[in-house]
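[1] For reference, the sequence and a predicted model appear below.
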Amino acid sequence: MQIPEQNHSVKIISKLINELSKLPGIGPKSAQRLAYHFIKLPKSEVLELSSSLIELKDKIIYCDICQNLSDENPCSICTNNQRDHKLICVIEEPLDILAFERTGSYNGLYHVLHGVLSPINGIGPNNLKINELLNRIKVNNIDEIILATNPSIEGESTAMYIQDIIGDLVPKITRLARGLPVGGDIEYADQMTIMRALQGRQEI
Amino acid sequence: MVNRERSYKTEAIILNSKSFGESGHIYIVFTPNLGKLSINANGTKKPKSKLSGHLQITNRCNLVISKGRSIDTISSAETTELFPNIRENYDLINNVFYIMELFDVFNPINEINTDAYKLLLESLRWLNDNQNINLLILYIRMKILTMSGWDLNFSSCNLCFDENKENLTSISSNHGGAICTVCQSKINNSLTADAQSIKLLHFISIAPREKLLSISLEIPSIKKCLAISEFLIHDNLGFKLKTKLF
């Protein structure tokens, strides 16, 4: 059976579906649904979305100090004088900053590594922003570094690696506490979590 | 009769994981009875996940897996053996990543290899004891090559069958192991090795762990053998392992 030739408008839709399906978590069916949703949207909303995407690519840069994503350099966190500039929290990804900021209980600065050491996936120290952290520590007078990488084996090895290279440059290096989550159930906790929770127990 | 069970249970060691979807992971696990599997677990990025703590790389655990149309999903996990010392030492972590990659690349999905599973478990226990790690790496390389069908012969020349061990001066995986001085010039892609190292490689490839640990081996000899075994692994795979780049 011969497949009928697609008309011009369908080609445009196919192109959009193809582009949308490149996005993480979007399969061909979802891409199709989104493409047809865009057709139904008012032109103003589509233009707003497209201009936001272009603006995102044009204006979003990495802060030279903390390596976080920002629209200004240095970013608003690094230039905020109300914050403690002698305290740096080292995190894996820019999204982790949002998690810390939501708590409202951290007033220091951040340093984003943009990943963790994972030799099995081909990610080594040179692929992360570790040299930038080292230079930052050498230039500034830092009192404490908080290593806030995830408590996974990759996160632990990254924390150990950083601790090894900055150990002599900073008076205090701390690691986030590990143990049971709030609202968690001890019955389901694994041995390592319970071991860590016991090691980090506090007097009440 | 068609098997209508919707889930199955297995013991497994977690080899690797990668992020999948909004809050899940795809885990590469190695099992004694089902071989290497690629399975999904939902919600493992969330702090309250009941699975994530049990599904850490190197953990040995019991899994309940639900069958899916495209990929199976872990519905329950319980750790049965932990290797806590590995997680506390940066060098051991690097070595464990190398071991995991070695088992990952040498074992295709769904190919059952119970001996390889036993070797992995034995290796993790050895690594956790932090005892003679270079010898461990050498031991794993030689055993894994044998288990994968590359049963290399180090006792005689693989071309002219000369059994005089003092004449064995090079190694070629394409020709099945040791090569003598005379035959070395006839072949390409061989690695020069002294007779002592070839004898040691032969011993390591046949000796059980207990016997290996009971004798004292000199560090330079182990290092020479490590270089040869790395050549053999690279030659067999045809590519360099990612973990060796660091």
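    Noted; the coordinates are in hand. Numbers count the residues shown, from 1 in each chain, chains lettered A, B, ... in the order given.

[2] where's the residue in chain B positioned nearest to chain A, which helix or strand?
    Nearest residue of chain B to chain A: residue B:53, at 3.3 Å (CB to the nearest CB). In this view, the C-beta of every residue, glycine as well, is placed from N, C-alpha and C. Using DSSP states H and E, residue B:53 is not contained in any helix or strand.

[3] Tell me which residues touch it, please.
    A:189, A:190, A:192, A:193, B:79 (CB atoms under 8 Å, 6 or more residues apart in numbering or on different chains).

[4] Return the closest of those residues with respect to residue B:167.
    For these, the closest approach to residue B:167 (CB to CB) belongs to residue B:79, at 51.7 Å.

[5] Assumed the closest one was part of a helix.
    No - per DSSP: H, G, I helix; E, B strand; the rest coil, residue B:79 lies outside any helix segment and is strand.

[6] wouldn't it be in contact with residue A:190 here?
    Yes - between residue B:79 and residue A:190 a contact is recorded at 5.2 Å, counting by CB atoms under 8 Å.

[7] which residues do these two both contact?
    The contact lists of residue B:79 and residue A:190 share B:53, B:54, B:59, where a contact means CB under 8 Å, 6+ apart.

[8] so which of the residues you listed would you say is closest to residue B:40?
    residue B:54 (15.0 Å).

[9] got any ranges where chain A has weak pLDDT?
    Within chain A, the segments meeting pLDDT under 70 span A:1-9.

[10] Now do the strands in it.
    A:61-62, A:69-70, A:84-91, A:108-112, A:144-147, A:172-175 (DSSP state E).

[11] coming back round to it: how about the contacts of residue B:53 in JSON lines, adding neighbour count and distance to residue A:113?
    Formatted as JSON lines, those follow (neighbours: other CB atoms under 10 Å in any protein chain shown; distance: CB to CB, whole Å):
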{"residue": "A:189", "neighbour count": "19", "distance to residue A:113": "28"}
{"residue": "A:190", "neighbour count": "21", "distance to residue A:113": "26"}
{"residue": "A:192", "neighbour count": "19", "distance to residue A:113": "23"}
{"residue": "A:193", "neighbour count": "22", "distance to residue A:113": "24"}
{"residue": "B:79", "neighbour count": "18", "distance to residue A:113": "28"}
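
[12] could I get these as CSV with distance to residue B:228?
    Output for those, formatted as CSV (distance: CB to CB, whole Å):
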residue, distance to residue B:228
A:189, 45
A:190, 40
A:192, 37
A:193, 42
B:79, 37
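
[13] which one among these gets closest to residue A:13?
    residue A:190 (48.2 Å).

[14] Skip the chain neighbours and tell me the closest residue to the closest one.
    In space, and not counting its chain neighbours, residue A:190 is closest to residue B:53: 3.3 Å by CB to CB, 6 or more residues apart in numbering or on different chains.

[15] Look up the pLDDT of the one you found for me, please.
    We have a pLDDT of 90 for residue B:53.

[16] what residues are up against residue B:101?
    By CB under 8 Å, 6+ apart, the neighbours of residue B:101 are A:119, A:120, B:16, B:241, B:242, B:243.

[17] quick one: residue A:112 and residue A:91 touch, right?
    Yes - when contacts are counted by CB under 8 Å, residue A:112 is listed as touching residue A:91 (5.8 Å).

[18] Could you pull up the contacting residues of the closest residue to chain B within chain A?
    Closest to chain B within chain A is residue A:190: 3.3 Å, counting by CB to the nearest CB. Residues in contact with residue A:190 (CB under 8 Å, 6+ apart) are B:53, B:54, B:56, B:59, B:79.

[19] so where's the longest helix in the chain?
    Here I'm looking at chain A. Using DSSP state H, we find that the single longest helix of chain A is helix A:43-59.

[20] hmm, I had chain B in mind actually
    helix B:219-237.

[21] which residues are contacting that helix?
    Helix B:219-237 is contacted from outside by B:102, B:105, B:134-135, B:137-138, B:141-142, B:145, B:148, B:150, B:152, B:171, B:173-174, B:189, B:191, B:193-194, B:196-197, B:200-201, B:204, B:240-241, B:244, using CB under 8 Å, 6+ apart.

[22] Next: stretch B:77-87.
    Stretch B:77-87 has contacts (CB under 8 Å, 6+ apart) with A:153, A:156, A:190-192, A:195, B:11, B:41, B:51, B:53-55, B:58-64, B:92-93, B:96, B:121, B:124-125, B:127-130.

[23] With just CA atoms, put it into CSV.
    Output in CSV follows, covering the C-alpha atoms of stretch B:77-87 (Å, rounded to 0.1, in the frame of the first residue of the first chain):
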residue,chain,number,x,y,z
ALA,B,77,13.6,-5.1,48.6
GLU,B,78,15.4,-6.3,51.7
THR,B,79,19.1,-6.1,52.3
THR,B,80,20.7,-9.4,53.3
GLU,B,81,24.3,-8.4,53.2
LEU,B,82,26.0,-5.0,53.6
PHE,B,83,29.6,-4.1,52.8
PRO,B,84,29.9,-1.0,55.1
ASN,B,85,33.7,-0.7,55.0
ILE,B,86,33.6,-0.2,51.2
ARG,B,87,31.5,2.9,51.6
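
[24] Quick check: buried residues in it?
    Within stretch B:77-87, the residues that qualify as buried are B:77, B:79, B:82, B:83, B:86, B:87, counting by 16 or more other CB atoms under 10 Å in any protein chain shown.

[25] Backbone dihedrals for the fourth one, please?
    So that's residue B:83. Dihedral angles of residue B:83 (phi, psi; degrees, to the nearest 10) stand at phi -120, psi 70.

[26] Got the phi and psi for the residue lying closest to it once chain neighbours are set aside?
    Excluding its sequence neighbours, the residue lying closest to residue B:83 (CB to CB, 6+ apart) is residue B:128, at 4.2 Å. Here is the backbone geometry of residue B:128 (degrees, to the nearest 10): phi -60, psi -30.

[27] The residue nearest the centre of chain B is in what secondary structure piece?
    Taking CA atoms, centre = their mean, the centroid of chain B lies closest to residue B:103, which sits 3.5 Å from it. Element membership for residue B:103 (DSSP H and E) is helix B:90-106.

[28] quick one, domains of chain B?
    What the record gives for chain B is the domain set B:7-83, B:132-153+B:165-245, from automatic domain parsing.

[29] Comparing those domains, which yields the minimum mean pLDDT?
    Looking over the domains of chain B, mean pLDDT reaches its minimum on domain B:132-153+B:165-245, with a mean of 85.

[30] Quick one: name the residues of chain B near chain A.
    B:16, B:18, B:21-22, B:47-48, B:50, B:53-54, B:56-59, B:79, B:82, B:84, B:87, B:89-90, B:93-94, B:96-98, B:100-101, B:104, B:242-243, B:245-246 (CB under 8 Å from any CB of the partner chain).
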